[in-house]
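Visitor: Have a look at this prediction, sequence included:
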Amino acid sequence: MNIRSRHDAIVRILRRNGTSTVNDLAEEVGASRRTVLRDIGALRDQGFVIHSESGRGGGLQLEPESVQTTARLSVTEVFALLISVAAVRAARSLPFSDLADAGLAKIERTLAADKVRDLRRLLDCLYVGQVSPKQDISNIGSIDSGLLPAFETSFLQRLHLRFRYRDAKGVETIRKIEPQAMLILPPLWYLVAWDAAREGFRHFRMDRISKPEIVEGTQFRRRHVPFEDDVCPFNEMPR
């Protein structure tokens, strides 16, 4: 069980049982007493109010009002929620948009200042539009779950991103690029990047990207993405 899963398990156990000892928690999550004590400290740092009482009948108690799962969301998770709502709205299938916006605003207010700064930087790179009726969307695949976290790290730290890319003809290449923006044309999602090897911008359909990885080393510079010239590509971009 990884750290995040163990933290979630501890919170669930405390909510379910009301009171639990460190030894009982350790047995249930399959960790040492020392590890559970560290986990309790980490949960308190995250905003969970966990009382401890010594002696017979004592143990750990979670203050119900302190359980704010939104405070534990990462920047990537909040960004995913925001862009998902934006995509649904662009597809004109979000009947309760006001409620969604209000909920997202509450989530954003729970974030620390540094996370808000990163979130704003990510949102600045996001463009949402309408897909062209000329675009073939019959062969859409699933998007690699590791792509968004890799994009976040690459974009915020300005580190190159490497991945395998399969074009419309099924030809696969290894690409090393500089992520500059995300373009959402529901139901298509694109990663817009500067490809130094080809000396130009490229639109990479996210469902054709696999095995993304960060390339440590030299940082790249942010570039202006000329979306005003072509925000809605429907032809296959040059390879």
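Guide: Perfect, I can see it now. Worth saying up front: this structure is predicted, and the values here are computed from it rather than measured.

Visitor: which residues touch the residue most central in space within the chain?
Guide: Most central in the chain under C-alpha atoms, centre = their mean is T76, positioned 2.6 Å from the mean C-alpha point. T76 is in contact with 148-149, 152, counting by C-beta atoms under 8 Å, 6 or more residues apart in numbering. In this view, the C-beta of every residue, glycine as well, is placed from N, C-alpha and C.

Visitor: which secondary structure element contains it?
Guide: In this structure, T76 sits in helix 75-90 according to DSSP states H and E.

Visitor: now that helix, how far from the centre of its chain.
Guide: Chain-centre distance of helix 75-90: 9 Å, with C-alpha atoms, centre = their mean, to the nearest Å.

Visitor: Now do the domain split for the protein, please.
Guide: 3-67, 75-219 (automatic domain parsing).

Visitor: State the pLDDT value of K106.
Guide: Looking at K106, its pLDDT reads 77.

Visitor: Assign it to helix, strand or coil.
Guide: Counting by DSSP: H, G, I helix; E, B strand; the rest coil, the backbone at K106 sits in helix.

Visitor: neighbours of it, just the number please.
Guide: Look at K106: counted by other C-beta atoms under 10 Å, it has 11 neighbours.

Visitor: Also F79?
Guide: Neighbourhood size, F79 [other C-beta under 10 Å]: 21.

Visitor: Read off the pLDDT value for it.
Guide: The model's pLDDT for F79 equals 89.

Visitor: For the residue nearest to it when sequence neighbours are not counted, which three-state class applies?
Guide: The shortest distance from F79 to any non-neighbouring residue, by C-beta to C-beta, 6 or more residues apart in numbering, is to L122 (5.0 Å). What three-state DSSP gives for L122 is helix.

Visitor: What's the separation between L122 and R89?
Guide: Per C-beta to C-beta, to the nearest Å, L122 is found 18 Å from R89.

Visitor: Show me which of these two is the more surrounded one.
Guide: More crowded of L122 and R89, by other C-beta under 10 Å: L122, with 21 against 15.
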